[in-house]
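Q: below is the sequence, then the predicted model.
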Amino acid sequence: MTNREPEPPLWEQLAEQSKQLPQGERLQKVMAVHGFGSRRVCEDIIAEGRVTVNGVLAELGRRVDVEVDVVSVDGVEIGVRPGLVYYLLNKPVGVVTTSSDTHGRPIVVDYVPAEPRVFSVGRLDADTEGLLLMTNDGELANRIAHPSHGVEKEYLAEVAGGEVYQGAIRRLRDGIELEDGVTAPAKVAQPSPGILRIVIHEGRNRQVRRMCEAIGHPVTRLVRTRIGPLSDRRLKPGEWRELTQPELRLLTEAVALVAQRYDSDHEQ
Ligand code: URA
């Protein structure tokens, strides 16, 4: 008889061995997958001290568990949280942005996967077509709906009455009196007579339609062509796709930038 300690059971030995294996993915790999450039470039970003993991400055060689760790670059969280989905839908005319409709009209959630449940970020009128962001990320949705009135949204408006004169375009640009107050300055161009490209960052009810009405050119067709950095000319009405990681990063950055500007404008 020897008085050697009995060996632990095999599964305990395996668990111990796997604990000793490096855990998680290398930070630069996770960043590269999220569109920050090659791994080399990502290593430089880490070395420049621009990356934190769970709020702590990250060092080169750091591994992260994408299921639990929160990675931020330049203070902006990158989309590594699990279970969150982001869809870009080209909403067709006649489809409503609410979660149900008493008139039996089709609703936007019918166009995207049922699980996980998503909601639209902001809304488009039933008679407006174009890009709509849908997600289950309430935090990003709230940030987009920040009181600074969110990111830029670009519309193509076909208007009645033919060519719009410069004076009227100037009124749209400067801000126009509507029943709920003067609109913020807008970017307005007329790529062809009777077609206006309008960029606004407010989200008032039927805003573009009311702006065009106010200059005597009611809208006959309205299409949202861009939400901040998101646009897609190839997405047909009724089609949707997931945002790419670089798009998600650009969107998160755009939202953070708007919020920062708003905060510094409103500092006491
Ligand atoms: N402005 C409008 O008038 N309608 C929309 O759906 C969006 C912006």
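A: Okay, I see it. Residues are numbered from 1 along each chain as shown.

Q: quick check, pLDDT for residue 1.
A: pLDDT for residue 1: 49.

Q: residue 186: how many residues sit nearby?
A: Residues within reach of residue 186, counting by other C-beta atoms under 10 Å, total 22. Where you see a C-beta, it was placed from the backbone N, CA and C, and this is true even at glycine.

Q: next, the contact list for the closest residue to it other than its chain neighbours, please.
A: Among residues not flanking residue 186 along the chain, residue 200 sits closest, at 4.9 Å (C-beta to C-beta, 6 or more residues apart in numbering). Applying C-beta atoms under 8 Å, 6 or more residues apart in numbering to residue 200 gives the contacts 152-153, 155, 183-184, 186, 207-208.

Q: okay, and the beta partners of residue 200?
A: On the basis of DSSP bridges, residue 200 is bridged to residue 153.

Q: equivalent analysis for residue 230, please.
A: Beta-bridge partners, per DSSP bridges, of residue 230: residue 227.

Q: wait, what's in contact with it?
A: Counted by C-beta under 8 Å, 6+ apart, residue 230 has contacts 88, 131, 133, 243, 247, 250-251.

Q: picking that back up, distance check, the residue nearest to residue 186 against residue 68.
A: Applying C-beta to C-beta, to the nearest Å, the value for residue 200 to residue 68 is 39 Å.

Q: then residue 116?
A: Separation of residue 116 from residue 68 (C-beta to C-beta): 19 Å.

Q: residue 170: what secondary structure?
A: Following DSSP: H, G, I helix; E, B strand; the rest coil, residue 170 is assigned to helix.

Q: please shift the residue numbers so they start at 363 in all later answers.
A: Shifting the count to begin at 363 puts that one at residue 532.

Q: report pLDDT for residue 430.
A: 82.

Q: for the ligand, what are the nearby residues on the chain?
A: 486-487, 490, 568-571, 584 (C-beta under 6 Å from any ligand atom).

Q: now the buried members of these.
A: Among the residues of the chain next to the ligand, those that count as buried by neighbour count (16 or more other C-beta atoms under 10 Å) are 486-487, 490, 569-571, 584.
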